[in-house]
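1. Structure for the following, please:
(chains A, B, C and D)
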Amino acid sequence: MLYRETGQFKISYAADQSVFPISQDRWFVSVVIAVAFFVVPVLASEYLLQAVMIPLLIFSLAAIGLNLLVGYAGQLSLGTGGFMAVGAYMTYKLTTAFPDINIIIVFLLAGLIAAFVGLIFGIPSLRIKGFYLAVATLASQFFLLWMFNKVAWFYNYNSSGTITAPPREMFGVIITGPMASAEIRYLVTLCIVIIFAFIAKNLVRGRLGRSWMAVRDMDIAAEIIGIRPFQTKLIAFAVSSFYCGLSGAMMVFLWLGSAETEAFSINESFNVLFMIIIGGLGSILGSFLGATFIVGLPILLTNAPQMVGLSMPIDMQKHIEIMLFGSLIIFFLIVEPHGLARLWQILKEKLRLWPFPY
Amino acid sequence: MEIINFLNLVFVAPIEDMVFYPIFFTEVVISGLLTGIMYSLVALGFVLIFKASGVFNFAQGAMVLFAALNLVGFIEQGFPIWLALVLAIVVMIILAFLIERFMLRYLINQEDIILFMATIGLTFFLQGFGEMLWGSNVKPLDLGIPNQSFEVGGVLLNEFDLFAAGSGAILVGVLAVFFHYTRIGRALRAVADDHQAAMAVGIPLKTIWIIVWSVAGFVGLVAGIMWGAKSGVQFSLSLIALKALPVLILGGFTSVPGAIVGGLIIGVGEKIAEIYWGPLVGGAIENWFAYVLALAFLLFRPQGLFGERIIERV
Amino acid sequence: MIHEKLARASEETNAIKPLGSEAGILSQVDTFPKLLKRHAVIRASSEAMREKDFGIWQSWTWYEVAEEVAALSNGLASLGLVRGDSIAIIGDNRPRLYWTMAGAQSLGAIPVPMYQDSAADEIKFVLEHASVRFAVVEDQEQVDKLLSILDDCPILETIIYDQPRGMRSYTQDYLHDMNDILELGRDFGCNNPTYFDDEVSKGKGSDTSIILYTSGTTGNPKGVVLTHDAIIQTSINAAVQEGLNDKDECLAYLPMAWVGDHVLSYAQSYVVGFCVSCPESSETLLTDLRELGPTYFFAPPRIYENILTSVMIRMADSSKIKLKLFEYFMALARRVGPDILDHRPVSLFNRIVYGIGDLLIYGPLKNALGFSRIRVGYTAGEAIGPEIFTFYRSLGVNLKQLYGSTEASVFITVQPNGEVKPDTVGVPTPGVEIKLTENGEVMFRSPGVFKEYFKNPEETEKTKTSDGWVYTGDAGLVGEDGHLKIIDRAKDVGKFIDGTMFAPKYIENKLKFFSNIKESVAFGDQREFCAVIINIDSEAVGNWAERNGIAYSSYQELAALPAVYDLVQENIEQINRELAQEPNLVGAQIKRFLLLHKELDADDGELTRTRKVRRNFITKKYTSSINALYGTASHCQISTELVFEDGRKGLISADVMIRDAQLFNIDKQIAAE
Amino acid sequence: MINKQADQQFAIDVSEVESVFLQGEYKEVLLDIAEVSLAFGGVQALSDVSFDIYKGEIRAIIGPNGAGKSSMLNVINGFYHPQKGTITYKEEVRKKMSPHKAASQGISRTFQNIALFKGMTTLDNIMTGRILKMRKGLFWQALYWGPARNEEIINREIAEQVIDFLEIEAIRKTPVGKLPYGLQKRVELGRALASKPDLLLLDEPMAGMNVEEKEDMCRFILDVNEEFGTTIALIEHDMGVVMDLADRIVVLNYGCKIADGTPEDIRSNQGVIDAYLGVSKNK
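-> Numbers count the residues shown, from 1 in each chain, chains lettered A, B, ... in the order given. Below is the predicted model of the structure:
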């Protein structure tokens, strides 16, 4: 109904292959980004930013990373928590060792290290597929967490075993550490997430994205066409771990302020996997939708009773929250196995065809 | 000089300990075997459901916890033990019926990843529901199974562990016979291969699934009793599912004997590694060592010890 | 040759000027090639032509088009094309075929476009009659057609093809690839640079610009000769009236041999300077129409009718709420839409609700059809059913009726903006005068009148009087508001035995409005009452049958179903009720009808190439069933000859039912006698 | 106009092939198979088969079901490695050929039961055929600007030429999973053509097609052979098609070669008839 595509014809391949060929989509996305940049930091309360917006963006980035690996390259992985931990701890080590390097550069370096670690744990994908691979990546999850717990070098031998984000500044503004305000941290996170989401979109629609999807759909046919399945899978592991490492680093430095290995446990891996399944495998937009659902839902469930006015004992509320969370996941998988992105796609298709049914 | 004694420390010293203190070594092996049985009991639940419905049921751990919670709850309500057991079994059968009715019926022939995620959703649901009914504090479980330990030729044994091993062996025997020789067993294997083909041949898919999930529930109950009696019924019970995964890797997803042998190997392997190699690297290595062991196996036999060979035709 | 003119062009700005101010200086630029060179100077970089190819819209600016045309005409010249020669053009709408027209006219040769789907023998007649030496065709399919009749047309010397696909094994020397001709032309242009300019400047407005063979419902096609002046002048008048400018968009998809396409996609583009786009292929036409979103659109009623039917079918399948919403807003639109479009006063409330309707239904509907950007939409060639016409106008599409003919370079009368009525064809366009003969035949005189019928002086005598008036062959009457109203073909208007007037076309148009009737032929001249042969629309009726669970396997079986007869009888009786209201048409109510067992088709000679009914041919072919209609039998045996797609002939026979329809207030008609 | 140069670049200079073709004797051997045998765990798929394929010809490989045709194709494109025998391709003996290397040396193929990437549209499937020809590294692709985009556009033009050649413009943006069988086969042929192969292996391109689709596919195969000079190895059961299209035919039965020659001698060869129609008891 909202789409007016008449007259929007493409005169060059670049225009035809652009990210948002239809002008209504371009307009819609630019409005959303503008609101995210200008309206949210001004209006949103400290709590809303800290508890909802920043985690949502950080988990979207991790979800995009995992979606590249699971959604596009078809390699199931449960090691997301571990790679996020690598990102976080490496950033801590690097920034404490070289305090004057710009914190964003440090984030990227930590991401590269996470990518390298991801590459190593991707090697089993040469011979094993599906569930077996998932369990192999689970090994990386447990091994990494155990390493960051046991080997004191990673947390500079401090007694508590936790890493805290030292104050760092960029362009004269303090962006990490306790003194950094929520708005600043939110804006920095937003910039990083948008840039890397755009890069992910570019990777996916280019040669690399096609070879990933070819390996996902039928790796024998891909091999015969000339794609080297093993290299493609390894690149997928590396890029995905880069995104997870980056989001782990941001989680500690731009959100929690400090964390120990418990923050990157197996539950994180499952959460991120939920996000891309509910959000939609093989879609960058799906990662955002999934993150919003999984991050937003518990918060909604916790303060829904206050809103409705019935007071409940805390632990009863906790149980009901978990129960609802589980049953909603099952409900969603039944209603639309391909996730929110597919629902969004169907809605968009209907709007473009409106008022006709087909 | 540094490297040599490092190598000595890692490889030579532990072997020496094993050889010089055989009794202690056998004790470690036996306790490894007993924990292995615990793992295989849980793994058995996974294999059952995967073999019969192609669903990788991650909620098996939660079912173990749920069954144990019901049992303890009924005992606390004053029911005699045998009645509490019967009631717990009945609850599991009702649970199987509900799962089929509200979940599986809608997810026929979906990809495995979707079914896998649904079972994770089920895990959350069962944990929340169980703790809501019976509260979430640790509950002791005493079924009157004798628990003293006694010496046999210098090796310390424990009656309870033997009882657990015995019940595990019986359970495996019953299931193996059930799968291979009964009519329902063959129907179960057909359903596992292809839902629609099974339906086309006339196998009542819905009843089959209810049977399978109730049997898995029963196995879960037994595992729950064993674990519960040993370390009390509490939330960590559902985490043993994570422990069962490497067992499945080793034994292969579809073979009952594989689950048992896999469980034992992991149990023993973990214990030895923990005792001999643990202190070198700061201990607590059992939660990831199992995976590394399974991974090593996987690289040589991608389909596990007993799984079918994966052949892909062009 | 073009370069030094470019230098002088700097002082002439090419801002979007309404055409009016340019009309003055057009006097010495009086031929299409001169117009082209002028655009290449003042509009060098704006787009002249576009074609959807390889997935995107390739475009050529006016400067590039001028270059290509110069190379092409030099190439043709080096092949021996001289002034006065005629050159045949056969194929779909391709930029290069349009440039061939301009290229030929630059050398003073006369382009003769032909229908791409006409059979070999139709082409043979035109090639001989117009003594064509050169032929430029689109692809292998047309080349094969020409090769099959080559020995019957000795004059044809050279054939040039545009698409080289599959031409590898053709090694005849008279076959050339267009690319080679362009190369030839470029070399020719290098060694005699002034040749092209001299030839173009030799051209005068009075030269013959083009010969268009009309399909003509009777006898052989007639070659209408049109001069540059005639077409350019009419194009300017029409363009000024509609305020066209060089930012308009036009889609070229109609056959190039039809005067409508020639004036719109060629003449007016060269006069005004707007861009013409060619679709990728006939299958992708609708998507291309939607992508381009033309602002200036021309289509015969049949296309508007098909689109309306497809809209109705698709809406019938949509969900309940959408359907209710659609019906509510369409009812409102029917009441208020046309008035809003014509800026007539409408209550504020209706205007607001119409605005909401535009957001919810009309906007998306126009967008789905590709009509959102249409500023000027014409329908011509046949009368359009009033309800179809009001449907589009109520959506806000500025659709207007146009009455014209090849002999008048299209424009005779057009409905001006703001005065659009459903059943008239408007007032004469500027420079056109019309008058009625005593038996009601319409005559016109205008600058666009054709010079003559090529090599056919007797026909020219019959249709064109010495002082420039032209007989249109259509009967009509002029209302008090000056709007002309066309009733029927003059020679078809007949009389019942009791003397009351019988206009078959008028009845057939009323029948055609119903989506389940595709074509109909009415009889009544020298008879007691009116009887009709009807062709049902297989798509609409088939869809209706499926929704009501009626099984059928072929068109013949569908047309024979009693339920379908009831459906059509309902429509006929509704028409009879309407006819009963009009005083002099009470007697013309349809008394008996039958549903034909096969679809009327151009290949069987029952329709012209532009799908108009060939009445005499049908009366001869179906005499047995017409007599049965006027007899009392309740059914009759029909067996007719049929030509299949690959040319094989076959016989199809069926036992067809005949039904009586209910007539209304007959007594009033008898009383009036 | 960018796509004009791409046009020349696509249509390989075929005059040289033409000369060979017209003079009737084919000099250059593109591929030679010498005494190849292949076994899978006891099953003898091929036993010392040898034949050659000339450059620019249409070579048919026929035989009853299970005769080893598909295995032969898999050996040629490096998917299976024969235990015995040598394969010389472009005068170079191939030791252990990986499918990836075969693809980069200009061998591409279609599959008996369609192996398209269901998750992608027709255009993306054909673009994956271009993967080998695209070089730009990860960094440029991340930016999708400058060199990576130009490379993408040049390859898009070549993919568009294949789409235009196979007349599938209308389904350019539809996901492949939704297409009817005949069109899927054509998209698969498009993907194989996109890498501009020297040797095209077609594994039963006509299977499951109606008459009209078969005619179209034959026309495309002939055009590919004539217009682009691509050598074609064709596996097909429809004898009418084989006899029309093929220049030379090799017949396999139970993994051995029982006949090799022009369609005329194959039609009259008694061994072939027996293999297909079976030998009667009393013979």
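
2. For the rest of this, base every contact and every neighbour count on C-alpha atoms.
-> OK.

3. Quick check: A:Leu119 touching A:Lys233?
-> No: using Cα atoms under 8 Å, A:Leu119 is not in contact with A:Lys233, being 9.1 Å away.

4. more neighbours, the two?
-> Set side by side, A:Leu119 and A:Lys233 show more neighbours around A:Lys233, with 24 against 21, by other Cα atoms under 10 Å in any protein chain shown.

5. so what's the closest residue to that one other than its chain neighbours up against?
-> Distances taken as Cα to Cα, 6 or more residues apart in numbering or on different chains put A:Ala73 closest to A:Lys233, at 6.8 Å, once the chain neighbours are dropped. Neighbour list for A:Ala73: A:Trp212, A:Met213, A:Val215, A:Arg216, A:Lys233, A:Ala236 [criterion: Cα atoms under 8 Å, 6 or more residues apart in numbering or on different chains].

6. Which of the residues you listed sits closest to chain D?
-> Nearest to chain D, judged by Cα to the nearest Cα, of the contacts of A:Ala73 is A:Met213 at 7.2 Å.

7. Can you add secondary structure, pLDDT and distance to B:Val152 and give the contacts of A:Ala73 back as CSV?
-> Listed next are the contacts of A:Ala73 as CSV, based on DSSP: H, G, I helix; E, B strand; the rest coil; pLDDT from 0 to 100; distance: Cα to Cα, whole Å:
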residue, secondary structure, pLDDT, distance to B:Val152
A:Trp212, helix, 91, 60
A:Met213, helix, 90, 61
A:Val215, helix, 89, 58
A:Arg216, helix, 87, 57
A:Lys233, helix, 92, 54
A:Ala236, helix, 93, 56
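
8. Can you lay out the residues you listed as CSV showing distance to D:Phe79?
-> Supplementary listing: these in CSV, determined by distance: Cα to Cα, whole Å:
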residue, distance to D:Phe79
A:Trp212, 20
A:Met213, 21
A:Val215, 16
A:Arg216, 19
A:Lys233, 20
A:Ala236, 24
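
9. Check the burial of the residue of the stretch 201-350 of chain A found nearest chain D by counting its neighbours.
-> Chain D sits closest to A:Gly226 of the stretch 201-350 of chain A, with a gap of 4.3 Å, by Cα to the nearest Cα. Using other Cα under 10 Å, the number of residues around A:Gly226 comes to 27.

10. Nearest residue to it in space, please, no chain neighbours.
-> Nearest residue to A:Gly226 in three dimensions, chain neighbours excluded: D:His100, at 4.3 Å (Cα to Cα, 6+ apart).

11. Pull the contacting residues for that neighbour.
-> A:Glu223, A:Ile224, A:Ile225, A:Gly226, A:Ile227, A:Arg228.

12. can I get the CA coordinates of the strand or helix carrying A:Tyr92 in CSV?
-> Element membership for A:Tyr92, per DSSP states H and E: helix A:80-97. The C-alpha coordinates for helix A:80-97 follow below in CSV (Å, rounded to 0.1, in the frame of the first residue of the first chain):
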residue,chain,number,x,y,z
THR,A,80,29.5,-17.6,20.1
GLY,A,81,30.0,-17.0,23.8
GLY,A,82,33.6,-18.2,23.7
PHE,A,83,34.5,-15.9,20.8
MET,A,84,32.9,-12.9,22.5
ALA,A,85,35.0,-13.7,25.5
VAL,A,86,38.1,-13.7,23.3
GLY,A,87,37.2,-10.3,22.0
ALA,A,88,36.6,-8.9,25.5
TYR,A,89,39.7,-10.3,27.2
MET,A,90,42.0,-9.4,24.3
THR,A,91,40.7,-5.9,24.3
TYR,A,92,41.4,-5.7,28.0
LYS,A,93,44.9,-7.1,27.6
LEU,A,94,45.7,-4.8,24.6
THR,A,95,44.4,-1.6,26.2
THR,A,96,46.1,-2.2,29.5
ALA,A,97,49.3,-3.0,27.6
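
13. Please point out which parts of it sit buried.
-> Across helix A:80-97, burial judged by 16 or more other Cα atoms under 10 Å in any protein chain shown covers A:80-95.

14. Equivalent analysis for stretch B:124-134, please.
-> Within stretch B:124-134, the residues scored as buried using 16+ other Cα under 10 Å are B:Phe124, B:Phe125, B:Leu126, B:Gln127, B:Gly128, B:Phe129, B:Gly130, B:Glu131, B:Met132.

15. Now do that stretch: distance to the chain's middle.
-> Distance of stretch B:124-134 from the chain centroid (Cα atoms, centre = their mean, to the nearest Å) equals 20 Å.

16. now stretch B:19-28
-> That offset, for stretch B:19-28, works out to 27 Å (Cα atoms, centre = their mean).

17. in it, what counts as buried?
-> B:Phe24, B:Phe25, B:Val28.

18. Does the second one belong to a helix, a strand or coil?
-> Reducing the assignment at B:Phe25 to three states with DSSP: H, G, I helix; E, B strand; the rest coil gives helix.

19. if we can go back for a sec, could you list every residue that touches the residue of the stretch 201-350 of chain A closest to chain D?
-> D:Pro99, D:His100, D:Lys101, D:Ala102, D:Ala103, D:Ser104, D:Ile131, D:Leu132.
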